[in-house]
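Trainee: Have a look at this prediction, sequence included:
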Amino acid sequence: MPEMTYRDAIAEALREGMRADPNVFLMGEDIGAYGGSYVVTKGFLDEFGENRVRDTPIAESGIVGAAVGAAMAGMRPVVEMMTINFSLLAIDQIVNHAAKLLYMSGGQIPVPCVVRMVTGGGSQLGAQHSQNLEAWYARVPGLLVATPSTPYDAMGLMREALRERNPVMFIEHSLLYRRKGEVPAGWFTVPMGKAAVTREGKDVTIAGYLRTAMLAEEAADRLEREGIDAEVVDLRTLRPLDLDTIVASVQKTNRLVVVEDAWRTGGFSSEICQLVSEQAWDDLDAPPTRVNGADVPAPYARNLEALAYPVVEDIVAAVRATLPGARADYARL
Amino acid sequence: MATARESARRSTKQGAEPHVGIPNDQLLKMYRDMVLTRRVTDRMIALQRQGRVAFFISGQGQEATQVGVTHAIKRGTDWVFPYYRDQGVCIALGMTARELMLDLFGKAEGPCSHGRQMPSHFGHAALRMVSGSSPVATQTLHAVGCALAAKLRGLPEVCITSLGEGSTGQGDFHEAMNFAGVHKLPVIFIVENNGYAISQPQSKEMAVKDVADRAAGYGFRGSVVDGNDIMAVYQTTRWAVEEARRGHGPSLVECKTYRIVPHSSSDDDRRYRTRKEVEEWVKRDPIDRFQKYLLGAGILSEETDEQMRAGIEEEVTDAVRYAEQAADPDPAEALKHVYAHQPTGFP
């Protein structure tokens, strides 16, 4: 099976969507001749021209607002927010308009647009470039939130996004762009709301998404050497959330650790722990547990930033703490 | 009342003696601030390339604008809301090479954030400078709110906010301009027009030639000035500051200049502009231009210039050495300042 990077998988899905559907067009800052700040749309301008690969002024709210208007008129805009941090300047257009127009118009006005944004830290880019805010959007009825961690998922979910009738927040993690993986040559999609069991195990379920899905697999490898057999669930989309797959896994392993780069307070991991507690209480042999980023604006200094995001050891410690005789003191900071 | 354009034209038309009214020691200080800014940023670029710091962003080529504007305000009284290229503003306000380097290295002693904020997001309370933002143009609204406070409290303070011409596409800029015009606030919008918003030329950012034209739409003055002519920048800004302090409301000063380096250490500007274009602007370097003027006017001698530059080299070298060896932020303090008062029991 051919291999490609996460970046190329997103680009390929966009390119084929633009070839197949003349209504699909791109808007964003520096996406044309520059090829995008994370180089996803490199070469698009040459193939599709300025009308379909539209460089915009720096105006996040304006970009999303224009996309909402174009989607209402029957187009399928795909816009790039440069990073999720800057999408806060457009959050009014996303939350008050894109997410609600269908409902507020009694089903008359769908807003089929895709808002692409880079999330996450780890590159020493400071508090305003390093946030994981995707769970905020996952709270909003009317939005879909795709969070792929592999090239296969990135391609499959983007294909779905380009067929959706709802606005899709398509979240990409900056540290995953170079990740390689197998992607079949033929047509496939990854449906919204279907998690993947990426590793089977019987002792504990570790759930993650984006970078932390990858981290969970590394932790499972480490645990295997200690004789602990972990199952890994990659959520793939936060909204809809595939609770069934998580619950089925917990019914088998009886233990749950959810890993998330985002802040601990009010995080999406808490939501999952609560949902599992409600649906599988009798199957749990230990309290469902979270591993999160620290509750701090991402610090710039290398040593401080390293402390702000989960590492494999945190997951391993959290798993150990769910096992018989363990004491729960894995929380850092 | 003379229009801003006329005033700007007058100031640059004073011919042989454009520095009239600026004392010689201040002219020399302006020159030194420009050279120090350039040498500090040169070193910062090198440090990033050597892998000693993660990221760097500057506005090399824009020093005349940044230093000229800052010398035109009452430092310590007036407020400054800069953007991320404004190393020249920081130095003219009084930040030292050491302080800028400490912030670059993210050290505990760094005055802007003690290692918490990205470098180039300058904030320094004692200098009345408020931290810039990564999303652009948001600081213009902060400046407007600050100017409103000054007006409400009857204080003779003026707020300066700077931004690139690309940032004027933001809604916040419009909201800020409108609010300032409606309430006749003592705020001055300095547009450092360097011709590019990262890769996109001005023609893709706006349909007008001069950002200054927009000021009329908000009911106040807009001036265009040669941003590489420090005396023109100084005179025009000085006039706008005096107007604001007299209660005559806001102004916009558009300084036409050029960034002779890539947008940031993550950018390769060969992807969007020719080397020839950059070289043309390097020939119009504002520092060389001011140096030539000062030498010609007998305000600066070759010997003084050399001594001054040697002193700057020492200062910058010392700053790097000092900052690189300075203590990292204490991990035990990583959560400090999330709240002004950490509530008990908070994780």
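Mentor: Nice, I can see it.

Trainee: For the residue nearest to residue B:163 when sequence neighbours are not counted, list the residues it contacts.
Mentor: Once flanking residues are discounted, residue B:163 sits nearest to residue B:83: 5.1 Å by Cβ to Cβ, 6 or more residues apart in numbering or on different chains. C-beta: built from backbone N, CA, C; applies to glycine. Listed by Cβ atoms under 8 Å, 6 or more residues apart in numbering or on different chains, the contact partners of residue B:83 are B:132, B:133, B:136, B:139, B:162, B:163, B:164, B:167, B:192.

Trainee: and what of residue A:4?
Mentor: Applying Cβ under 8 Å, 6+ apart, we find residue A:4 in contact with A:12, A:151, A:180, A:181, A:183.

Trainee: Contact residues of the stretch 201-333 of chain A facing chain B?
Mentor: A:264-265, A:294-297, A:299-304, A:307-308, A:331, A:333 (Cβ under 8 Å from any Cβ of the partner chain).

Trainee: low-confidence ranges in chain A?
Mentor: Flagging of chain A using pLDDT under 70 yields the residue ranges A:325-333.

Trainee: now the strands for the stretch 101-250 of chain B?
Mentor: Under the criterion DSSP state E, counting those that start in this stretch, the stretch 101-250 of chain B contains strands at B:159-164, B:187-193, B:196-197, B:200-201, B:221-226.

Trainee: between these, which gets nearest to residue A:259?
Mentor: Residue A:259 lies closest, by Cβ to Cβ, to one member of the strands of the stretch 101-250 of chain B: strand B:196-197, at 37.6 Å.

Trainee: sorry, back to before: JSON lines please, covering the strands of the stretch 101-250 of chain B and showing mean pLDDT.
Mentor: JSON lines is the format used below for these (pLDDT from 0 to 100):
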{"stretch": "strand B:159-164", "mean pLDDT": "97"}
{"stretch": "strand B:187-193", "mean pLDDT": "98"}
{"stretch": "strand B:196-197", "mean pLDDT": "96"}
{"stretch": "strand B:200-201", "mean pLDDT": "94"}
{"stretch": "strand B:221-226", "mean pLDDT": "98"}
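
Trainee: Rebuild the ones you listed as CSV, extending it with distance to residue A:212.
Mentor: Shown next, in CSV, are these (distance: least, Cβ to Cβ, whole Å):
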stretch, distance to residue A:212
strand B:159-164, 36
strand B:187-193, 40
strand B:196-197, 34
strand B:200-201, 35
strand B:221-226, 50
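
Trainee: right, so of those, which gets closest to residue A:108?
Mentor: Comparing the strands of the stretch 101-250 of chain B against residue A:108 with Cβ to Cβ, the closest turns out to be strand B:200-201 (36.4 Å).

Trainee: picking that back up, so for residue A:165, which of the strands of the stretch 101-250 of chain B sits nearest?
Mentor: strand B:200-201 (32.4 Å).

Trainee: of all the residues in the stretch 1-150 of chain B, which ones are close to chain A?
Mentor: Counting by Cβ under 8 Å from any Cβ, the stretch 1-150 of chain B sits next to chain A at B:54-55, B:106-107, B:113, B:115-119, B:121, B:133-138.

Trainee: Which ones among the residues you listed lie within helices?
Mentor: Residues of these located in helices (DSSP state H): residue B:138.

Trainee: rewinding a little: among the residues of the stretch 201-333 of chain A next to chain B, give me the pair with the biggest separation.
Mentor: Within these, A:265 and A:302 form the most distant pair, 24.6 Å apart (Cβ to Cβ).

Trainee: Looking at the two, which one has more neighbours?
Mentor: The neighbour count for residue A:265 versus residue A:302, taken as other Cβ atoms under 10 Å in any protein chain shown, is higher for residue A:302 (14 against 10).

Trainee: Was I right to think that one contacts residue A:124?
Mentor: Yes: look at residue A:302 against residue A:124 with Cβ atoms under 8 Å: they come within range, at 6.0 Å.

Trainee: Look up the closest residue to residue A:201, ignoring the ones flanking it.
Mentor: In this structure, residue A:201 finds its nearest non-sequential neighbour in residue A:231, 3.7 Å apart by Cβ to Cβ, 6+ apart.

Trainee: Run through the bridge partners of that neighbour.
Mentor: Taking DSSP bridges, one finds residue A:205 as the beta-bridge partners of residue A:231.

Trainee: Could you pull up the contacting residues of the residue lying closest to residue A:203 once chain neighbours are set aside?
Mentor: In space, and not counting its chain neighbours, residue A:203 is closest to residue A:229: 4.5 Å by Cβ to Cβ, 6+ apart. Residue A:229 makes contact with A:201, A:202, A:203, A:204, A:223 under the criterion Cβ under 8 Å, 6+ apart.

Trainee: neighbours of the fourth one, just the number please.
Mentor: Read that as residue A:204. 28.

Trainee: and residue A:56, how many residues sit next to it?
Mentor: Residues near residue A:56, counting by other Cβ under 10 Å, number 23.

Trainee: can you pull the contacts of the residue most central in space within chain B?
Mentor: Ranked by distance to the mean C-alpha position of chain B (Cα atoms, centre = their mean), the top residue is residue B:86 at 3.3 Å. Residues near residue B:86 by Cβ under 8 Å, 6+ apart: B:59, B:66, B:122, B:132, B:162.

Trainee: and the last one, how many residues sit next to it?
Mentor: So the one you mean is residue B:162. By the criterion of other Cβ under 10 Å, residue B:162 has 30 neighbours.
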